[in-house]
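Asks: everything below, folded, please.
(one chain, ligands or ions: 2)
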Amino acid sequence: MLFRCRNCGGNVVYSPERNKMFCPHCDGIDSEEKAGGDAGTECINCGAPLEIKEYNSTCKCEYCGSYMILDERVDGKYRPHLIIPFKIGKDRAVELMRQEFKSRVFAPDSFLSEATLEEMKGLYVPFWMYDYAARCDYAGTGTKVRVWTGGDTQYTETSYYHVERNLDIDFDRIPVDASIEMNDDIMDLMEPFDYRQLEGFTEEYMSGFYGEIYNMGAEELENRAKEKAARDADSLLKESISGYASLVQERKRMDLDREGVQYALLPVWRYRYRYQDREYEFHVNGQTGKIIGAVPVSKKKVLAYGGTVFAVLWAALSLLLHIAEVI
Ligand SMILES: [Zn+2]
Ligand SMILES: [Zn+2]
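Replies: Residues are numbered from 1 along each chain as shown. Ligands and ions are numbered 1, 2, ... in the order given. This is a model prediction of the structure:
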């Protein structure tokens, strides 16, 4: 399907700045209507052939620029339950990157230039969100030690405590990246997202952006969520029994019950920049604006800069010498 403008027939996209559907051709607001059709092989708008990867859930026609959503990849088992819509539009994402990197004097001139920024894409990354109820049961013996001096004698008093804890912890929406294209480490660095802004999924939010379906099912990826939950539960338990000089564990049990799992899409801007046969990737969290990526260093600029430093130093040195001579 695609979203077509009732006023002018152009392709309507979701605008994060306006928090509305927007027609960039006639500036129409909320003027969209769904145009059906299977975008499996050709553009619904102009009929041009489309290049679609097996995991894409949206695509853009290279000829007319229309964004299409692939019906069968947002339907049935692939229908997302939740989505965080883009809160940061492309212009804002670029501005944030410029601010972040303006102090990097060694960046090549073409970095963040208009031409290369064409390649910047907004992607919805597929995630599984797991809910768990954790029950921790702990028993042990803790000691507290008090030391004081009276006259010539040093006294030590050791008190023994029976420590018992029963913690019930609810974990809501532990996220696990289910994307092929997006590296897990990068998505970990993109955290945190504010999951309170998750909304029910609708296709409108995807218009104007790229999307992917999950590459692995909720069962296959569950262990990663379980490990996260167990780790967090364990540190909460540790926190609750801190303050003892020593602690000997007698019993520890942790049970995790999965209470639910939902399929969600999260927004990320990706900017790929090629420089001297190397590809650099930058990511901007489409909700919070957090930036991940390292700027390439231009050797030419480093040399020019080094030269300037040297010249300044040289000038200072010769000035000193000159002064010395006058004296
Ligand atoms: Zn229009
Ligand atoms: Zn087209």
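
Asks: closest to the centroid, which residue in this structure?
Replies: Centroid-nearest residue in the chain, with Cα atoms, centre = their mean: residue 190, separated by 2.8 Å.

Asks: and the gap between that one and residue 285?
Replies: 5 Å (Cβ to Cβ, to the nearest Å). Using the backbone N, CA and C atoms, a C-beta is placed for each residue, glycine as well.

Asks: tell me where the stretch 201-327 of the chain has strands.
Replies: Here the stretch 201-327 of the chain has its strands, by DSSP state E, counting those that start in this stretch, at 210-211, 246-275, 278-285, 291-292.

Asks: residues contacting the residue lying closest to residue 184 once chain neighbours are set aside?
Replies: Distance criterion Cβ to Cβ, 6 or more residues apart in numbering; nearest residue to residue 184, sequence neighbours excluded, is residue 177 at 5.2 Å. Applying Cβ atoms under 8 Å, 6 or more residues apart in numbering to residue 177 gives the contacts 125, 126, 127, 184, 187, 188.

Asks: of all those, which comes closest to residue 70?
Replies: residue 126 (13.7 Å; Cβ to Cβ).

Asks: make sure that closest one is indeed in a strand.
Replies: Yes. Under DSSP: H, G, I helix; E, B strand; the rest coil, residue 126 falls within a strand.

Asks: next, count neighbours for it.
Replies: 26 (other Cβ atoms under 10 Å).

Asks: ditto for residue 63
Replies: 13.

Asks: highest mean neighbour count out of the strands of the stretch 201-327 of the chain?
Replies: Of all these, strand 210-211 has the most neighbours on average by mean count of other Cβ atoms under 10 Å, namely a mean of 22.

Asks: elements contacting it?
Replies: strand 58-60, strand 121-150 (3 or more Cβ pairs under 8 Å, 6 or more residues apart in numbering; DSSP states H and E).

Asks: show the average pLDDT along that strand.
Replies: Averaged over strand 210-211, pLDDT sits at 96.

Asks: what strands line up against that strand, and which way round?
Replies: If you go by DSSP bridges, strand 210-211 pairs up with strand 121-150 (parallel).

Asks: run through the protein and note the low-pLDDT ranges.
Replies: Within the chain, the segments meeting pLDDT under 70 span 39, 104-106, 115, 295-327.

Asks: what's the domain layout of it?
Replies: 1-73, 126-296, 299-327 (automatic domain parsing).

Asks: does ligand 1 sit close to the second one?
Replies: What it means is domain 126-296. No. Figure legend: domain 126-296 not in contact with ligand 1 (Cβ under 5 Å from the ion); closest approach 13.0 Å.

Asks: now that domain, how far from the centre of its chain.
Replies: 14 Å (Cα atoms, centre = their mean, to the nearest Å).

Asks: got it, and the first one?
Replies: What separates the centre of domain 1-73 from the centre of its chain is 25 Å, taken as Cα atoms, centre = their mean.

Asks: is ligand 2 contacted by it?
Replies: Yes. Domain 1-73 is in contact with ligand 2 by Cβ under 5 Å from the ion, via 43, 45, 46, 48, 61, 63, 64, 66.

Asks: scan those residues and report the most crowded one.
Replies: residue 66 (24 neighbours).

Asks: report the contact partners of it.
Replies: Here residue 66 is in contact with 2, 11, 43, 44, 45, 46, 60 (Cβ under 8 Å, 6+ apart).

Asks: how about residue 95?
Replies: Neighbours of residue 95 in contact, by Cβ under 8 Å, 6+ apart: none.

Asks: what about 10 Å?
Replies: By Cβ atoms under 10 Å, 6 or more residues apart in numbering, the residues touching residue 95 are 88, 89, 289.

Asks: what about residue 290, distance to residue 271?
Replies: Residue 290 is 14 Å from residue 271, by Cβ to Cβ.

Asks: overlap in contacts, the two.
Replies: 283, 284.

Asks: would you list every one of the helices in the stretch 151-300 of the chain?
Replies: All helices of the stretch 151-300 of the chain, identified by DSSP state H, counting those that start in this stretch, fall at 184-190, 218-240, 299-326.

Asks: so which bits of stretch 218-233 are buried?
Replies: 218, 221, 222, 224, 225, 226, 228, 229, 230, 233 (16 or more other Cβ atoms under 10 Å).

Asks: in the stretch 151-300 of the chain, which residue sits closest to ligand 1?
Replies: residue 207 (13.0 Å; Cβ to the ion).

Asks: I'd guessed that residue sits against residue 13; true?
Replies: Yes. Using Cβ atoms under 10 Å, residue 207 is in contact with residue 13, at 4.8 Å.

Asks: give me the common contacts of these two.
Replies: 2, 3, 21, 22, 32, 66, 67.

Asks: can you pull the contacts of the first one?
Replies: Counting by Cβ under 10 Å, 6+ apart, residue 2 makes contact with 11-13, 32-37, 39, 43-45, 58, 61, 66-69, 203, 207.
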